[in-house]
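Peer 1: Please find the sequence and the predicted model below.
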Amino acid sequence: MNNQLWVMSSAYPELNLEELINKTVEIGAQGIEALVFRNDGAREDHTATHIDYVNFGVEQAKRTIEQFNQAGLKFSIGAYENIIGGDGEHKLKNQNHLLALIRMAALMGGDSNNIMVGTFVGYNHGIGSTDHGFQKNLNEYQRVFAPIIKYAEDLGVTVIYENCPMEGWMPASYPTTYNNLSGTLAARKLMYALIPSLAHGETYDPSHDIWQHIDPVEVIKASDIHRIKRIHIKTSKLLSTSAKTHWGATYPMQAVDPALAEKAGIPYCTNSWDRHHYEAMLPGFGGTDSMDWNAFMSVLKERGYKGPFPIENEANNSKGTGNQAATTQGFKAVSQFLAPLIWPLGQNGYEYHSEENTPLKEALSKNLPLVTMKDL
């Protein structure tokens, strides 16, 4: 293997693009998954906007390509929002913003530069809570995304979905923690059956399957490897806690009256993300996790995965500390941990063979109109 390691920019929301590029070079990574959330978005966690999307055009595209080429880095863009559900106003804004990101990627070369657009699908609980709610969400996905994927295909851009169920995206009082349609392998296969286009695929994050007690190795074996365009490097440690003993590992903890819980002598969830029994971690930083990284990388090698590995730093002991130095330490530790698994051995030890890293092609010289959902 000679896959690139990237930095996911959500770990450094306080940096501008130039500072982020310099930080990535310092870490020793080969690229960036640059987040481009809309400025008036509803999300408050793990967001960043590292490329100015307002009035983005040919000149901005050219300048961005030049910045990354000067640093010898590759990149993709993305914003992870609820596209098919949630508040009606935000839902439409999220859909239109996704179209804006597809246009941005196209202006910067799209698939010819391996610049893809990352997103969530989201979930519509208004229909999801009714009979056959999951199938209704699949139908809603097809209705919303079919024209979006056709637009991306026409522009030579690939859209990629991440598999996080977004377990804390609804209040702790909500009965389910399945809030993103693409959160299971079965759902993703059904999505590709509904929209067969090759202009969409996935970013696979093994950490989300770990806390669902699913072996990521088996997921890779059962996946269409050609649909997997990115793999997030993030992991989870399964916890053995009193809460797990009382509530079990199949269903999320439910919100109950705290006074009643204390009277009964049982643990209870304190926030919307405190409903499953795991700890977010980075592999090789601050302890062991609940995943066999040797087996995971071996099956990826067997199946011929050539894409990059963006490191998504949400670890409690790294990004979670709020200390930028600890955040950077986490990234560097991951690089050292994975080096013998993904890079060949050379005179300087295990390192990425940079001769395979060709420069990004020039941006488009012709502008593309900005479109919205009503135009499709």
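Peer 2: Here it is on my side, so go on.

Peer 1: For the stretch 51-200 of the chain, which segments count as helices?
Peer 2: For the stretch 51-200 of the chain, helices defined by DSSP state H, counting those that start in this stretch occupy the ranges 58-71, 88-107, 125-128, 133-155, 185-194.

Peer 1: so which of those comes closest to Asp40?
Peer 2: Ranking the helices of the stretch 51-200 of the chain by proximity to Asp40 (C-beta to C-beta) places helix 88-107 first, at 7.2 Å. Bear in mind the C-beta positions are built from the backbone N, C-alpha and C, glycine included.

Peer 1: other SSEs contacting the closest one?
Peer 2: helix 58-71, strand 74-78, strand 117-119, helix 133-155 (3 or more C-beta pairs under 8 Å, 6 or more residues apart in numbering; DSSP states H and E).

Peer 1: ok, now with 6 Å
Peer 2: strand 117-119 (3 or more C-beta pairs under 6 Å, 6 or more residues apart in numbering; DSSP states H and E).

Peer 1: In its sheet, which strands sit next to the strand it packs on, and in what direction?
Peer 2: Within its sheet, strand 117-119 is paired with strand 74-78 (parallel), strand 159-162 (parallel), according to DSSP bridges.

Peer 1: Which one, of those strands, ends up nearest to Gly85?
Peer 2: strand 159-162 (14.4 Å).

Peer 1: Residues in a beta bridge with Ala34, which ones?
Peer 2: Under the criterion used (DSSP bridges), Ala34 bridges to Ile77.

Peer 1: was I right about it contacting Ala48?
Peer 2: No: between Ala34 and Ala48 there is no contact under C-beta atoms under 6 Å: 8.2 Å.

Peer 1: Quick check: neighbours shared by these two?
Peer 2: Ser9 (C-beta atoms under 6 Å, 6 or more residues apart in numbering).

Peer 1: So between these two, which is more surrounded?
Peer 2: Set Ala34 next to Ala48 and count neighbours by other C-beta atoms under 10 Å: Ala34 wins out with 27 against 19.

Peer 1: got the helices of the stretch 51-200 of the chain as CSV, with mean neighbour count and mean pLDDT columns?
Peer 2: Output for these, formatted as CSV (neighbours: other C-beta atoms under 10 Å; pLDDT from 0 to 100):
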stretch, mean neighbour count, mean pLDDT
helix 58-71, 17, 98
helix 88-107, 21, 96
helix 125-128, 18, 96
helix 133-155, 18, 98
helix 185-194, 16, 98
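
Peer 1: Please report how far the closest residue to Val121 other than its chain neighbours lies from Tyr80.
Peer 2: What sits nearest to Val121 in space, not counting adjacent residues and going by C-beta to C-beta, 6 or more residues apart in numbering, is Leu181, at 4.3 Å. Applying C-beta to C-beta, to the nearest Å, the value for Leu181 to Tyr80 is 13 Å.

Peer 1: what's the answer for Gln30, then?
Peer 2: Between Gln30 and Tyr80 the computed distance is 22 Å (C-beta to C-beta).

Peer 1: Asn82: how many residues sit nearby?
Peer 2: 25.

Peer 1: For it, give its distance to Lys93.
Peer 2: The gap separating Asn82 from Lys93 is 11 Å, by C-beta to C-beta.

Peer 1: got it, and Ala48?
Peer 2: In terms of C-beta to C-beta, Ala48 sits 18 Å off from Lys93.

Peer 1: Find the nearest non-adjacent residue to the spatially most central residue of the chain, please.
Peer 2: The centroid of the chain falls nearest to Glu162 when counting by C-alpha atoms, centre = their mean (4.7 Å). Nearest-residue entry for Glu162: Thr203, 4.5 Å, with adjacent residues in sequence omitted and distances by C-beta to C-beta, 6+ apart.

Peer 1: now the angle between strand 74-78 and the helix or strand hosting the one you found, please.
Peer 2: Using DSSP states H and E, Thr203 maps to strand 200-204. If you take axes from the mean of the first three to the mean of the last three C-alpha atoms, to 10 degrees, strand 200-204 sits at 100 degrees to strand 74-78.

Peer 1: the inter-axis angle of strand 200-204 versus helix 133-155?
Peer 2: Going by the same axes, to 10 degrees, strand 200-204 makes 110 degrees with helix 133-155.

Peer 1: Show me how far the following helix or strand past strand 200-204 is from its chain's centre.
Peer 2: Counting by DSSP H and E, the element after strand 200-204 in chain order, helix or strand, is helix 206-210. Relative to the chain's own centre, helix 206-210 is displaced by 12 Å; criterion: C-alpha atoms, centre = their mean, to the nearest Å.
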